[in-house]
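# Curious how this folds, go ahead:
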Amino acid sequence: MSASTGVGAAVAHESAAGHVTGEALYTDDLVGRLHGTLHAHPVQAPHTHARVTRLDVAPAYAVDGVVRVLTAADVPGVNDAGVKHDEPLFPDEVMFHGHSVAWVLGETLEAARLGAEAVEVDYEPLPSVVTVREAIEGGHFQGMALCAERGDLDAGFAAAARIVEGETEFAGQEHFYLETHCSLAQVDEAGQVFVQCSTQHPTETQEIVAHVLGLRSHEVTVQCLRMGGGFGGKEMQPHGYAAIAALGATLTGRPVRVRLTRAQDMTMTGKRHGFHAAWRVGFDDEGRILALDTTLTADGGWSLDLSEPVLSRALCHVDNAYWIPHIRAAGRVARTHKTSQTAFRGFGGPQGMLVIEDILGRCAPLLGIDPGDLRRRNLYAAGQETPYGQPVRHPERLAAAWDQVEARGDLAARREEVAAFNATHEHRKRGLAVTPVKFGISFNFTAFNQAGALVHVYRDGSVLINHGGTEMGQGLHTKMLQVAATALGLPAEKVRLAPTRTDKVPNTSATAASSGADLNGAAVKNACEQILERIADVPGETWEERVEAAYLARIQLSAAGFYRTEGLSWDARAMRGHPFKYFAYGVAATEVEVDGFTGAYVVRRVDIVHDVGDSLSPLVDRGQVEGGYLQGLGWLTLEDLRWDESDGPGRGRLLTNAASTYKLPSLSELPDVLNVDFLADATETGVVHGSKAVGEPPLMLAFSAREALREAAGAFGPAGRTVELASPATPEAVYWALDAARRAGGGAGTPTTAARDDSAGEPGDLVGTV
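Numbering: from 1, shown residues only. Presented below is the predicted three-dimensional model:
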């Protein structure tokens, strides 16, 4: 094996050249390779909630080029695209603005579009629920109510010297992957259905397509060549579109392509869940958290999708990196008439963490404690457990990462510089904040923590590997090539990777939960080790000679590898167990500067220390840390999803349905200085080559940016005053926060937050309501 290409080598992404030259193929690029492909276009409802009273497809057939209109009557199997059986593929009740009630197939996309416009549909409008607050007030919930708790809340609050209560509400996030949802289906002469799909979960796509068509899984093959981004948005959401393409191909005998436009993708597909949280927290005299009572409500949209496990992970991360001896974290999923919200990088973890970070950021001034000091003194220590009963292993790594950020970021000197700047600049202020991350790695659903791989060694010594994970730009295939090359002792150029297919590796789990490299890497390694064990006694001077000798000796040179994560247990109803293999840690410090006239800001510098264990591929991991931070920055400070909440005819319509109205982070938002270091001496035992997951945890490092903005806004007013900051903390939101701070300092108007200091009273008295 070449040391420059194996595990631990800083190699480029295996498709990097193809990405930048355009040679890398995606699902939609394959359309031109098929003859006679039909194009699909949805018939979208103009109502947020309505009953379909009449559907007349006849006018569509008068449109030149229209071949077929698909409706519920055409479904030979089950008219449902969800694993919870609550997502009709062709609904008779519209549940969100833009919901598709039929699909038109045309010789061209334009013909299909015109045909969709010609379809006549009558609707009976029904009352709608658009906001999570409306859902809470009206009692509109779905799925299981969950609760994680430990200790004695009453005793905790009775012992508290300071108690604060409040609410936190924050928006979701659009995935905005570069490649929109796309499926391309065809049927062969034997009736075998083959679907090329941009999906993170080929097996589940296969299952949904099969049950819509009334087939068994072995009659459907799904392949994912690669995705142009996924971020969780292609874990559950592709299934319905794949089913539409497969249904069309089955009925017409021709290939069918379904590709959403950007506007369709934004209006028809789910997003990160927005949340509302009500909370009450108690601290002792030294600022240590004694008790937390909180209720989280996730905005699930019109159907469950993955809302229950997203809520579960949010509750499992409401502690973030902090020890809370007495806690009750309850959760529920609201049903609203919006897109069915789904997985997004972090899968509920960021939402749970944001609640506790918002609490600490708002309470620190009331307690008279520096926010960084408040966070640091509440970090987990050895011997402590999470609220759901899992011991926190290696908590010392949190402290080590924090100390490393402090030292390498020269934070002590920079805090003095920030203070001096703020004292001499009336209309510009800076903030510098440090926040930690503790993120559990594994699927909460224990059965998903398994993976398979298929490795072939050919007579010339070349190697082909296939595994159950999908590539969406995150570098999973790159890591798998490195794992295989290292296991076999070969240079990477002797190893090739084939696209992910359900007829090569069956029963795969989604490439999600940051577990892709852990699961599939171990399966690839297992397959390679099986082959090496078989040829261990085969003579030969070179690898090629040994392989040829093994073939002549009739030794199998192909192996199916398998891996299951050990040590996991989880009771989803009781919210107790050991759901995670390990925790990934990280600490970030962010410095910002805010304009007091507009609320506009710049991120001046970011210092990150992240725990990736022994990195499988340092260059890939560094990209994940940097990209994760920037995507988190977008969620927390820029990306503002807006639905029409009025009572007018547009109620429930997504207003931010294009890049022109939905602000995304770009190179201009990249900090001038971005330092990323990996935590040293952080080998994770029991994981492939001692590595750690790095897909999701870095996103939450961006909490430091939001808290820095809070500190900068607070610097416009008097000390000791809590700062409420909306999320996302857009320039507008920052302006209102700093304006409230200025007014509290003696300007016109009334402070927006009441803070009452009852510290002289009995333990348990309120300090304030924020």
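# quick one: low-confidence parts of the protein?
Applying pLDDT under 70 to the chain flags the ranges 1-3, 747-770.
# which residues touch the residue lying closest to residue 317 once chain neighbours are set aside?
Taking CB to CB, 6 or more residues apart in numbering, and ignoring the residues beside it in sequence, residue 317 has residue 352 as its nearest neighbour in space, at 3.8 Å. C-beta: built from backbone N, CA, C; applies to glycine. Listed by CB atoms under 8 Å, 6 or more residues apart in numbering, the contact set of residue 352 reads 296, 313-318, 320, 329.
# Quick check: which element contains residue 352?
helix 349-367 (DSSP states H and E).
# CA-only coordinates of that helix in PDB, if you can.
Presented in PDB, the C-alpha positions along helix 349-367 are these (Å, rounded to 0.1, in the frame of the first residue of the first chain):
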ATOM      1  CA  GLY A 349     -29.600  17.500  17.500                       C
ATOM      2  CA  PRO A 350     -29.000  21.100  16.500                       C
ATOM      3  CA  GLN A 351     -32.500  22.100  17.500                       C
ATOM      4  CA  GLY A 352     -32.100  20.500  21.000                       C
ATOM      5  CA  MET A 353     -28.700  22.100  21.500                       C
ATOM      6  CA  LEU A 354     -29.900  25.500  20.400                       C
ATOM      7  CA  VAL A 355     -32.400  25.500  23.300                       C
ATOM      8  CA  ILE A 356     -29.800  25.100  26.000                       C
ATOM      9  CA  GLU A 357     -27.400  27.500  24.200                       C
ATOM     10  CA  ASP A 358     -30.100  30.100  24.000                       C
ATOM     11  CA  ILE A 359     -30.900  29.600  27.700                       C
ATOM     12  CA  LEU A 360     -27.300  30.000  28.800                       C
ATOM     13  CA  GLY A 361     -26.800  33.000  26.500                       C
ATOM     14  CA  ARG A 362     -29.800  34.800  27.800                       C
ATOM     15  CA  CYS A 363     -29.200  33.900  31.500                       C
ATOM     16  CA  ALA A 364     -25.500  34.700  31.700                       C
ATOM     17  CA  PRO A 365     -26.000  38.500  32.100                       C
ATOM     18  CA  LEU A 366     -28.700  38.000  34.700                       C
ATOM     19  CA  LEU A 367     -26.400  35.800  36.700                       C
END
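# before we move on, the earlier item: farthest-separated two in the contacts of residue 352?
Greatest spacing in the contacts of residue 352, by CB to CB: 296 and 320 (13.6 Å).
# Verify the stated contact: residue 406 with residue 412.
Yes - here residue 406 reaches residue 412: they are 7.1 Å apart, a contact under CB atoms under 8 Å.
# quick one, what contacts the residue nearest to residue 268 when sequence neighbours are not counted?
Nearest residue to residue 268, sequence neighbours excluded (CB to CB, 6+ apart): residue 98, at 5.5 Å. Contacts for residue 98 (CB under 8 Å, 6+ apart) come out as 44-45, 264, 267-268, 339, 653-654.
# So which of those residues is the closest to residue 628?
Using CB to CB, these come closest to residue 628 at residue 339, 23.8 Å.
# Now do the contacts for that closest one.
Taking CB under 8 Å, 6+ apart as the test, what residue 339 contacts is 96, 98, 267-271, 301-302, 654.
# Just those: which are in helices?
Of those, the ones assigned to helices by DSSP state H are 267-268.
# Among the contacts of residue 339, which ones are in strands?
Among the contacts of residue 339, none falls in strands (DSSP state E).
# Columns distance to residue 589 on top of the contacts of residue 339, output as JSON lines?
Converted to JSON lines, the contacts of residue 339 look like this (distance: CB to CB, whole Å):
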{"residue": "96", "distance to residue 589": "40"}
{"residue": "98", "distance to residue 589": "42"}
{"residue": "267", "distance to residue 589": "38"}
{"residue": "268", "distance to residue 589": "39"}
{"residue": "269", "distance to residue 589": "35"}
{"residue": "270", "distance to residue 589": "33"}
{"residue": "271", "distance to residue 589": "29"}
{"residue": "301", "distance to residue 589": "36"}
{"residue": "302", "distance to residue 589": "40"}
{"residue": "654", "distance to residue 589": "35"}
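# Type out the ChimeraX command that picks the buried ones from the contacts of residue 339.
For the buried members of the contacts of residue 339, the matching ChimeraX selection, counting by 16 or more other CB atoms under 10 Å, is:
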select :96,98,267,268,269,270,271,301,302,654
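# before we move on, the earlier item: distance of the residue nearest to residue 268 from residue 500?
Distance, residue 98 to residue 500, using CB to CB, to the nearest Å: 30 Å.
# Over to residue 301?
28 Å.
# now do residue 530
For residue 530 relative to residue 500 (CB to CB), the value is 21 Å.
# Next: residue 449.
18 Å.
# can you give me the helices for the stretch 651-770 of the chain?
Counting by DSSP state H, counting those that start in this stretch, residue ranges of the helices within the stretch 651-770 of the chain are 703-714, 731-744.
# of all these, which lies closest to residue 686?
helix 703-714 (28.7 Å).
# Which other helices and strands does the closest one contact?
Under the contact criterion of 3 or more CB pairs under 8 Å, 6 or more residues apart in numbering; DSSP states H and E, helix 703-714 touches helix 349-367, strand 428-441, strand 582-595, strand 601-610, helix 618-637, helix 731-744.
# Tell me the one of the contacts of residue 339 nearest residue 510?
Distances from residue 510 to the contacts of residue 339, taken as CB to CB, are shortest for residue 270 (14.6 Å).
# From what I see, the closest one and residue 310 are in contact.
No - between residue 270 and residue 310 there is no contact under CB under 8 Å: 10.4 Å.
# Now list whatever residues contact both of these two.
By CB under 8 Å, 6+ apart, the residues touching both residue 270 and residue 310 are 341-342.
# How much space separates the spatially closest residue to residue 624 that is not a sequence neighbour from residue 176?
Nearest residue to residue 624 in three dimensions, chain neighbours excluded: residue 694, at 4.6 Å (CB to CB, 6+ apart). Separation of residue 694 from residue 176 (CB to CB) stands at 21 Å.
# Over to the spatially most central residue of the chain: give its phi and psi.
Centroid-nearest residue in the chain: residue 345, 1.5 Å away (criterion: CA atoms, centre = their mean). Main-chain dihedrals, residue 345, degrees, to the nearest 10: phi -30, psi 110.
# now do residue 642
phi -130, psi 130.
# Can you tell me the closest non-neighbouring residue to it?
In space, residue 642 is closest to residue 655, 4.4 Å off (CB to CB, 6+ apart).
# one step back: neighbour-wise, which of residue 406 and residue 412 wins?
With neighbours defined as other CB atoms under 10 Å, residue 406 and residue 412 compare such that residue 406 has more, 18 against 9.
# ok, then the element right after the helix or strand where the more buried one lies?
Here residue 406 sits within helix 396-408, counting by DSSP H and E. Sequence-wise, the next helix or strand downstream of helix 396-408 (DSSP H and E) is helix 411-424.
# That following helix vs strand 582-595, what angle?
30 degrees (axes from the mean of the first three to the mean of the last three CA atoms, to 10 degrees).
# residues making contact with helix 411-424?
405-406, 428-432, 434, 589, 591, 607, 715.
# re earlier: between residue 694 and residue 176, which is the more surrounded one?
Using other CB under 10 Å as the criterion, residue 694 and residue 176 rank with residue 694 on top: 29 against 20.
# residues in contact with that one?
Neighbouring residues of residue 694 by CB under 8 Å, 6+ apart: 514, 584, 610, 612, 615, 621, 624-625, 628.
# With neighbour count as added columns, please give these in a markdown table.
Shown next, in a markdown table, are these (neighbours: other CB atoms under 10 Å):
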| residue | neighbour count |
| --- | --- |
| 514 | 26 |
| 584 | 27 |
| 610 | 27 |
| 612 | 25 |
| 615 | 22 |
| 621 | 26 |
| 624 | 23 |
| 625 | 24 |
| 628 | 25 |
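# Looking at those residues, which is nearest residue 189?
The closest of the contacts of residue 694, once distances to residue 189 are taken by CB to CB, is residue 514, at 41.8 Å.
# separation between that closest one and residue 314?
In this view, residue 514 and residue 314 are 16 Å apart by CB to CB.
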